[in-house]
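Enquirer: Return a 3D structure for these sequence lines:
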Amino acid sequence: MRAIRLKCGFVLTVAAFGSYSLCNDGLPGSGEDSMADKRYRILAVDDESDVLLIVKTALQADGYEVLTAVDGPDALNTAREEKPDLILLDVMMPGMDGFEVLRRLREDTQTMNIPIIMLTGLSERERKRTAIEHGIKYYIVKPFDFQDLTSKVRMAIEDAETNTPF
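Expert: You can find the predicted model right below:
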């Protein structure tokens, strides 16, 4: 067994046969509170592999299927091909930033109605304002609490299912 401290401050424990666990007090346990009727698909987009691993681990523990993309073009292709129920989208990425990805997703008839949560290390008011102007209702600042992440994911999916604007 090997413990790895990730850049974001979490500790990842890797055991034999590739199994792993992530240490954080807010990590969901068994997924008992997840929306069990349907297995929702979430696309997590971030250029930092540590963040993707954390998001994927937390959401899978809560019962979600998680797809990942490492940049804007990858996110656009995956969103079109896989039609996720929700997208977690990092703002700061090299090449194409999250706002450009968001703009392109909203222009595409295949992806325009997918709810999106912006995920970023920046807490600047201007970025939040820009996200809100683009129709983003939920915005998560890194480092984030797992319970905050999973509760906002649940709320965004529920909003989409009840046609509440996101």
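
Enquirer: make it CA atoms for all contacts and neighbour counts henceforth
Expert: Noted.

Enquirer: low-scoring stretches of this protein, by residue?
Expert: Counting by pLDDT under 70, the chain contains low-confidence ranges at 1-37, 122-125, 164-166.

Enquirer: Tell me where it has strands.
Expert: Along the chain, the segments classed as strands by DSSP state E run 2-5, 11-14, 20-23, 41-45, 65-69, 86-90, 116-120, 138-141.

Enquirer: can you give me the helices for the protein?
Expert: Taking DSSP state H as the test, the helices found in the chain are 49-61, 72-82, 98-107, 125-133, 146-161.

Enquirer: Make CSV out of those helices and add mean neighbour count and distance to M92.
Expert: Conversion of the helices of the chain to CSV gives the following (neighbours: other C-alpha atoms under 10 Å; distance: least, C-alpha to C-alpha, whole Å):
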stretch, mean neighbour count, distance to M92
helix 49-61, 20, 13
helix 72-82, 17, 10
helix 98-107, 18, 6
helix 125-133, 14, 10
helix 146-161, 17, 18
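
Enquirer: between the ones you listed, which gets nearest to Y40?
Expert: Between Y40 and the helices of the chain, the shortest separation by C-alpha to C-alpha is 8.6 Å, and it involves helix 146-161.

Enquirer: between that closest one and helix 49-61, how many degrees?
Expert: What separates the directions of helix 146-161 and helix 49-61 is an angle of 70 degrees, with axes from the mean of the first three to the mean of the last three C-alpha atoms, to 10 degrees.

Enquirer: for helix 146-161, packing partners?
Expert: With contacts defined as 3 or more C-alpha pairs under 8 Å, 6 or more residues apart in numbering; DSSP states H and E, the secondary structure elements packing on helix 146-161 are helix 49-61, strand 86-90, strand 116-120, strand 138-141.
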